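Colleague: sequence and computational prediction follow.
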Amino acid sequence: MDDQNKNLILATALSFIVILVWFVLFPPPEPTPADPNAVISAEGDAVLPSVSAGDDADAGVNTAAAQAEEPTQDAPRIAIETGRLKGSISLLGGRIDQLALKDYRVSLDDDAPIVDLLSPVGEKSPYYALYGWAPGAGLAFEQVPGPNTIWSAQSSGNLSVDAPVTLTWDNGNGLQFTRTISVDENFMFSVAQSVENTGAGTVSLAPYGILARHGEPQNLKNFFILHEGVVAMSDGELTEIDYSDMPDFDVNPNEGARAEVTQVAEQGWVGFTDQYWMTTLIPAPGAFKSTAKYDDRRDIYQTEAVLPTQRLAPGATASATTQLFAGAKEWATIRDYETAGVEGFIDSIDWGWFFFLTKPIFAVLHYLNAMIGNMGWAIIGLTFLIKLILFPLAYKSNVSMAKMKALQPQMEKIKESAGDDKQKLQQDMMAMYKKEKVNPASGCLPILVQIPIFFSLYKVIFVTLELRHAPWIGWIKDLSAPDPSSILNLFGLLSFVPPEPGSILAIFSLGILPILLGISMWMQQKLNPAPTDPTQAMIFAWMPWVFMFMLGTFASGLVVYWIANNTITFTQQYLIMRSQGVKPDVFGNIKAGFKRKPKEE
């Protein structure tokens, strides 16, 4: 076997093995079914933070379970209505517990409902934000607003971009609480809390924010390439905790549940992230306690941001303002919030291990999409730019391969003269490579470099919202989903409905894009004659079609990238080989591939 074919087989095999290991040995696990015999507690709310009666302003925060009833459906509510959000705030606890995203639908169907992000206790999969004050010295739980406190609204209007709402509550013992909630034009709420002490004694209390989620998300992906669960930034350090890891927390006696506590010194945030949506508590710069918590008794996942305890003398007022992000993980929107002061907020998007590639790849993809107006063409433009950047490496590699092709006669002579002496053969080959300034391994480099780029682009397409439901041309309505066409019904010409994704037969339901991918790989092979060795020839013959089936269920955007990459690579190799005096006989190699080989006698 000549070194050119050896390099190509090696590089292709490496790509095949990496993809095979990734998607065969580590498939996305099936979601864990809910236990139908699980006991549902009547105490339906989150575990609330509290301050021990003996603590002062610099003391730590303990926790205790709130004795709370489930909210009733007829609890007073204030509507949330902006250009991008729709929902309501319950005056029972002042919870932000109903929120839907107007710009996003659950599917491509015209009548598909918009995406629900938050939902109240009493409905399926409760998910909500709570704010309040944890009682300290001189206070009991009943003297601070809790999850069942009925607040009073100071106006009858809705919460909108230009119209904040103010809630008040008097504990009847000298403390008057006020909460003002505002929202911007995107997904950021601001919650300003204050308390005035009109009584005769000094009290201590700590402002807090809670995000509570009852059970795991219904649409949990459970795919190792994607992080779903707690995401937190603490003084520049990013922490990610999967939902599946939270039940393994050690029981923290100070928190009343399984919990991990981080003391933030200067700046940070904490919340929950899904594939495309996120809720995040963002305290103002300064110290606070960031907690990830799991209550296994009630199956509640929870994050907390508890600010330092404040001592409140008679006649004094204490206040605290925090932000709540609740919405879609749009790259540009989150980047703007980071620019406005939310440290490291862009890292709430799961960029993965290859973040040094995924971040710039998506940034370029975003700008190309903004210029072109179509994400599919932007992917092709990105492919062209990547190939342009890698062109010096590709040029050097292809020139070396062309020289190797030209050296075939000399290599055959060396093999004949060396006979069975492998050591002499290797020494003579290395001497020839050194004399002709040829690197036999250089043919592998371009394909090896493509592997992390391929994985990075896969990560970008899988986790970034901008690819979700992004159309390209004709039948490709969602670049984050596999090609919906199928060869089984002649790409829509027959009324036969192809197998559903995930079924065993779906692997044979090849769409147009996977077939074009196989053809593009096959054409790239035909730049060189098939190996003379039958085993090598069989590997070469099957490789494009194996990849075609393997990548057939990948996101369309990734297949578009691979097709564009193969097409550009074919063109580059053809032109470079011609410039080095090698004339690829593409059509001759194709014809030779269809000729029947004579049987050996």
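Modeller: Received, thanks. Numbers count the residues shown, from 1 in each chain.

Colleague: could you chop the chain up by domain?
Modeller: Taking automatic domain parsing as the criterion, the chain consists of the domains 77-330, 359-594.

Colleague: select from these the stretch with the lowest mean pLDDT.
Modeller: Per-stretch mean pLDDT for these is lowest at domain 359-594 (a mean of 82).

Colleague: residue 110: neighbouring residues, count only.
Modeller: 6 (other Cβ atoms under 10 Å). All C-beta atoms are positioned from the backbone trio N, CA, C, and that covers glycine.

Colleague: just residue 303 next, same as before
Modeller: Residue 303, neighbours per other Cβ under 10 Å, totals 26.

Colleague: now do the one 4 residues further on
Modeller: Per other Cβ under 10 Å, the neighbour tally for residue 307 reads 21.

Colleague: with residue 574 instead?
Modeller: Neighbours of residue 574 (other Cβ under 10 Å): 17.

Colleague: next, format the domains of the chain as TSV and append distance to residue 349.
Modeller: Shown next, in TSV, are the domains of the chain (distance: least, Cβ to Cβ, whole Å):
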stretch	distance to residue 349
domain 77-330	6
domain 359-594	7
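
Colleague: so which of those is nearest residue 49?
Modeller: domain 77-330 (4.5 Å; Cβ to Cβ).

Colleague: please tell me I have it right and residue 457 contacts residue 361.
Modeller: Yes. Counting by Cβ atoms under 8 Å, residue 361 is a contact partner of residue 457 at 6.1 Å.

Colleague: ok, these two, which is more surrounded?
Modeller: Counted by other Cβ under 10 Å, residue 457 and residue 361 do not tie: residue 457 has more neighbours, with 27 against 21.

Colleague: what distance do you get for that one to residue 520?
Modeller: Counting by Cβ to Cβ, to the nearest Å, the gap from residue 457 to residue 520 is 17 Å.

Colleague: likewise residue 113?
Modeller: 39 Å.

Colleague: got the contact list for the residue nearest to residue 471 when sequence neighbours are not counted?
Modeller: Distances taken as Cβ to Cβ, 6 or more residues apart in numbering place residue 477 nearest to residue 471, at 4.9 Å, with adjacent residues excluded. Shown in contact with residue 477 (Cβ atoms under 8 Å, 6 or more residues apart in numbering): 108, 469, 471, 484.

Colleague: most widely separated two among those residues?
Modeller: Among the contacts of residue 477, 469 and 484 lie farthest apart (Cβ to Cβ), at 12.7 Å.

Colleague: mind listing what's buried along stretch 372-380?
Modeller: 374, 375, 376, 377, 378, 379, 380 (16 or more other Cβ atoms under 10 Å).

Colleague: which SSE is the last one in?
Modeller: When elements are assigned from DSSP states H and E, residue 380 belongs to helix 375-389.

Colleague: helices or strands next to that helix in the packing?
Modeller: Contact here means 3 or more Cβ pairs under 8 Å, 6 or more residues apart in numbering; DSSP states H and E; on that basis helix 375-389 packs against helix 355-372, helix 556-579.

Colleague: contact partners for the nearest residue to residue 230 once chain neighbours are set aside?
Modeller: The shortest distance from residue 230 to any non-neighbouring residue, by Cβ to Cβ, 6+ apart, is to residue 241 (4.0 Å). By Cβ under 8 Å, 6+ apart, the residues touching residue 241 are 229, 230, 232, 260, 292.

Colleague: residue 203 versus residue 144, what's the distance?
Modeller: Distance from residue 144 to residue 203, by Cβ to Cβ: 9 Å.

Colleague: kindly apply the preceding question to residue 242 instead.
Modeller: 39 Å.

Colleague: same question for residue 130.
Modeller: 21 Å.

Colleague: and the closest residue to residue 512 other than its chain neighbours, which of the three is it?
Modeller: Nearest residue to residue 512, sequence neighbours excluded (Cβ to Cβ, 6+ apart): residue 485, at 5.0 Å. Three-state call for residue 485 (DSSP: H, G, I helix; E, B strand; the rest coil): coil.

Colleague: please report how far residue 485 lies from residue 107.
Modeller: From residue 485 to residue 107 the distance is 18 Å (Cβ to Cβ).

Colleague: and the domains of the chain: which comes nearest residue 347?
Modeller: Checked against Cβ to Cβ, the stretch from the domains of the chain lying closest is domain 77-330, at 5.1 Å.

Colleague: just the contacts of residue 241: which are in helices?
Modeller: In helices, defined here by DSSP state H, there are no members of the contacts of residue 241.

Colleague: what's the farthest-apart pair in these?
Modeller: 229 and 260 (11.8 Å).

Colleague: pull the distance from the host helix or strand of residue 178 to the chain's centre.
Modeller: Using DSSP H and E, residue 178 falls within strand 175-183. From the chain centre to the centre of strand 175-183 is a distance of 34 Å (Cα atoms, centre = their mean, to the nearest Å).
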